[in-house]
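> sequence first, predicted model second:
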Amino acid sequence: MGGPVTMKKIFIVLLCCLIFKTGSTAILKVGKGMPYTTIKSALQAAVDGDVIYVYPGLYQEQNIIIDKRITLKGVQFPTLDGEKKYEVLSIKAHGVWVEGLRVIRSGVSSIKDMGGIKVYDANDVTIQNNILEETFFGIYIQYGSRCNILRNRVYSSQKTEQQSGNGIHAWKSDSLQISGNLIQGHRDGIYLEFATHSNITENISEGNLRYGLHFMFSHDNHYYANVFSDNGAGVAVMYSQRVEMRYNVFKDNWGDAAYGLLLKEMSDCKIENNHFQKNTVGIYLEGASRISMKENNFELNGWAMKLMASCMDVNVTRCNFLSNTFDVGTNGSLVLNHFKNNYWDKYEGYDLNRNGEGDVPYRPVSLFSMVIEKNPPAMILIRSFMATLLDRTEKMIPTITPENLKDESPMMKPLKL
Amino acid sequence: MQKILKYVIIDILRNKIVIGYTLFLLAITMSIFNLEDQSTKGLLSLLNIILIVVPLVCILFSAIYVYNSSEFIELLVSQPIKRSTILLSMFTGLSFSMVVAFLIGTGIPILLFEPTSTGITMMGMGVLLTLIFVSVALLTAVYARDKAKGIGWVILLWLYFSLLFDGLILFILYQFSDYPLEKAMVGVSALNPIDLSRILVLLKMDVSAMMGYTGAIFRNFFGTQYGFWIAIAVMLMWAFIPLFITLRKFKRKDL
Amino acid sequence: MIIASNVSKKFGRLKALDNVSVKLLRGECVALIGPNGSGKTTFIKSLLGMVVPDHGFITFNEKNILHDWNYRSRIGYMPQIGRYPDNMSIGQVLNMMKDIRKMKSSETDDELIEAFELNKMAHKRMRTLSGGTRQKVSASLAFLFNPDVLILDEPTAGLDPVAAEILKQKIIREKQKNKLIMITSHVLSELDEMVTEVMYMQDGQCRFHKKVDVLRAETSEDRLTRVMASIISKM
């Protein structure tokens, strides 16, 4: 009986602290018939640690700048309108908390990168449960550390890449937590540049003009359980190291240059347990090295994987390749990558010793995919009798396809992933 | 017309090959759907059946049937019957039997196991290819008097449409790889009904790959409503132009 | 009834018919005579529209047969070698023809079918038949629809003497019904009692077309065989 009692004691002490703390903070209410009618006036009156409640209504106050450590909370989503001219909320103090607002119509400016909510050089900022509509950039973190961006809904209906901003944008930031957001209709859904040690989890980024997720020079980040679907060019990640991507879904990215996931000049990354579904190219690797790809599921893609000859030490193990038009495409004959224990639905080998692994290697690069690589119009012959015959002969006597690109021990049955 | 058609169909049914063809298709299609755990893989095997087996059986059977019916045709020609009636009855009878065989053998399993747009497109293409290759067979049989020669021609034509034509395309693509041939390829594909139907099915089936750069040209053309109907119109032309030429030749043919 | 005007037909280099003009009238029984390969069968097939002439035209009751297929309902044709769908039985062939010609069983002339006793073997498939039996079927079909014109290509070839005699008698009876009958035959002796005219063909040309009586008078011979021998020796 000692355990629960101690727990209860701690809880009471904590509660007291909380009461004591709130006791010291003032609550400022903004709204019709409230002490303050504008957010700006409340902000002016507030001191560090205060809480401002914003009641429902339309607030057109041009650019609202938060330069004190306060909490700004919306009650039933009051609307903050930037009238297509101004940045709506600028956060310039540490520890600010913004919650429950509806932020709409920020100004559009490529020079100033106007955002719906923009953080300037501030740490420990939390932005959660907001709705952003038709903003240029949605939530923008510039030089921020330990900021949390949680469960926001960021919608936009931008038309051209030049005239559009990103949903969640982080620049030169560190230790961010970006979770549970829904981002639609921007240029890039989530964009990170020089953002490090961050967790990006459980976000849904869909229907964006360019990339669902785009990052460069952003090392040591973790991406878990996100869904990137139906984006103009899928997901592109470049020039970063030690990135982990797990349990993400990359799907329905169709187009001339659309990739479920494009990796360029990446190294020491782990890409595991992801699902790549119905993409023109499931995953595209160029100049990637020391990449572990384990237990991913590739299904119904045009090309499950395009592995350029510039890659090194890419290890593909225990992945499922199901119903892809082409399993692996490549552009050269030098292969420094390894395939092992994957399941290929096109494998036609046998397993005499019954250990679950095929006894003859599988060559995932078909001759015809090489032909198309060199001669795109040959696509007209895809799945023709001719193409099938060519592939069969090539499988027996490889001449054009890389000799070393093979899975020595392919699985006989699909892996349960 | 109806009377002659009746006798043609009775005669074809008496010939057990059509029933065999139906059962063959049925057996293959059912086993494809039952054995393959993934329906896409099954559809792929089915596509090969439709693109290879259907044209072969249609063209061979129709040609052989016409040659074997030369007595029947001679008998009819000396009777008060229009020649066009005789030929059209032959065409209708043959295509009707082959289409029914195909629909029973392949269409029903598709409707049962794969009633998707891909499946339905495949069915449509199978029917169109049946019409086309019956028509091409009649053309050959009317032009080539000798049965052995005619059957040789028919096999050659099948080989051409299902293999040689594609080989030729590949050859041309490599010879002229410096030129932008993408647009030309759309036109070239109209020259071969098997290619055309393959592309139309693949636009439904391999949609992911077709969405890529390489497939863009076909998607942009055949993927649109307009392009789709043009392709269907071209297929119908493939069925009816040979029939029309056959008709003209047959009207003046000496028997 | 049938008029052929300048009909020519080439098979490759071979001139099968060379400018043939001939007039055939109702009530005539014409013997079409000529050596092998003289164009007799081609001419007959032209009359039936089975062979389309390169030049010239043929009219049937003043209508060009090229544009009129219905005239064939008034012709009964017995081919040199009767070819029928192998899988059909005699009965089926007869019924099919009746069906196509849209004639009821009561209106047809079943005389020959009965005389040849075809009903007894109605179930036999065409491919199992002997040449003679096929000829019987052909002959029966030619007379079946009571046509105005009968074209008989070597009618007695392959028939046994009894059947040949039955057929001959039938032809004579039909002739008396004021029909146009055209017969080709190598056996001139059997034509004696039937024919009223002779049309002689050689190398695709119609050498002459005259009444038998006139020929008899010219050659002062009585039997057709002798008449022809005499004419050919003079040519």
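Good, I have the coordinates.

> quote the end-to-end distance of stretch A:305-313.
Distance between the two ends of stretch A:305-313: 15 Å, counting by Cα to Cα, to the nearest Å.

> list the buried residues for it?
Using 16 or more other Cβ atoms under 10 Å in any protein chain shown as the test for burial, stretch A:305-313 gives A:305-311. Heads up, the C-betas are built off the backbone N, CA and C, glycines and all.

> now do stretch A:356-366
A:357-358, A:362-366.

> how about the residues you listed in JSON lines, adding secondary structure?
Formatted as JSON lines, the buried residues of stretch A:356-366 follow (DSSP: H, G, I helix; E, B strand; the rest coil):
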{"residue": "A:Glu357", "secondary structure": "strand"}
{"residue": "A:Gly358", "secondary structure": "coil"}
{"residue": "A:Tyr362", "secondary structure": "strand"}
{"residue": "A:Arg363", "secondary structure": "coil"}
{"residue": "A:Pro364", "secondary structure": "coil"}
{"residue": "A:Val365", "secondary structure": "coil"}
{"residue": "A:Ser366", "secondary structure": "coil"}
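
> wasn't B:Leu88 part of a helix?
Yes. B:Leu88: assigned to a helix according to three-state DSSP.

> what's the closest non-adjacent residue to it?
Distance criterion Cβ to Cβ, 6 or more residues apart in numbering or on different chains; nearest residue to B:Leu88, sequence neighbours excluded, is B:Met1 at 6.7 Å.

> just to revisit the earlier point, now the buried residues of stretch A:356-366 in JSON lines, with pLDDT and distance to A:Ser156?
Shown next, in JSON lines, are the buried residues of stretch A:356-366 (pLDDT from 0 to 100; distance: Cβ to Cβ, whole Å):
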{"residue": "A:Glu357", "pLDDT": "92", "distance to A:Ser156": "49"}
{"residue": "A:Gly358", "pLDDT": "91", "distance to A:Ser156": "49"}
{"residue": "A:Tyr362", "pLDDT": "91", "distance to A:Ser156": "45"}
{"residue": "A:Arg363", "pLDDT": "89", "distance to A:Ser156": "45"}
{"residue": "A:Pro364", "pLDDT": "89", "distance to A:Ser156": "39"}
{"residue": "A:Val365", "pLDDT": "89", "distance to A:Ser156": "40"}
{"residue": "A:Ser366", "pLDDT": "87", "distance to A:Ser156": "41"}
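
> now do C:Arg226 against C:Leu215, distance only.
C:Arg226 is 10 Å from C:Leu215, where distance means Cβ to Cβ, to the nearest Å.

> out of the two, which sits in the busier spot?
Neighbours of C:Arg226 and C:Leu215, each counted by other Cβ atoms under 10 Å in any protein chain shown, are more numerous for C:Leu215; the result is 19 against 14.

> may I have the helix or strand where that one lies as PDB, with CA atoms only?
Applying DSSP states H and E as the criterion places C:Leu215 in helix C:212-219. What follows is helix C:212-219 as a C-alpha-only set of coordinates in PDB (Å, rounded to 0.1, in the frame of the first residue of the first chain):
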ATOM      1  CA  VAL C 212     -29.000 -29.900-134.600                       C
ATOM      2  CA  ASP C 213     -31.200 -30.200-137.600                       C
ATOM      3  CA  VAL C 214     -29.200 -27.700-139.500                       C
ATOM      4  CA  LEU C 215     -26.000 -29.500-138.700                       C
ATOM      5  CA  ARG C 216     -27.500 -32.800-139.700                       C
ATOM      6  CA  ALA C 217     -28.500 -31.400-143.000                       C
ATOM      7  CA  GLU C 218     -25.000 -29.800-143.600                       C
ATOM      8  CA  THR C 219     -23.100 -32.900-142.800                       C
END
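
> elements contacting that helix?
With contacts taken as 3 or more Cβ pairs under 8 Å, 6 or more residues apart in numbering or on different chains; DSSP states H and E, helix C:212-219 sits against strand C:197-202, helix C:224-234.

> how about CSV for these, with distance to chain B and mean pLDDT added?
Compiled in CSV, these are given as follows (distance: least, Cβ to the nearest Cβ, whole Å; pLDDT from 0 to 100):
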stretch, distance to chain B, mean pLDDT
strand C:197-202, 18, 89
helix C:224-234, 28, 84
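
> and chain A, which of these is closest to it?
Nearest of the helices and strands packed on helix C:212-219 to chain A, taken as Cβ to the nearest Cβ: strand C:197-202 at 55.3 Å.

> tally of neighbours for A:Met396?
By other Cβ under 10 Å, 7 other residues sit near A:Met396.

> hmm, I typed the wrong one, I wanted B:Val201.
25.

> same thing with A:His186?
When neighbours are counted by other Cβ under 10 Å, A:His186 comes out with 32.

> with adjacent residues omitted, what lies nearest to it?
A:Gly167 (4.2 Å).

> quick check, the one you found in contact with A:Ser156.
Yes. At 7.3 Å, A:Gly167 and A:Ser156 qualify as touching, with contact defined as Cβ atoms under 8 Å.
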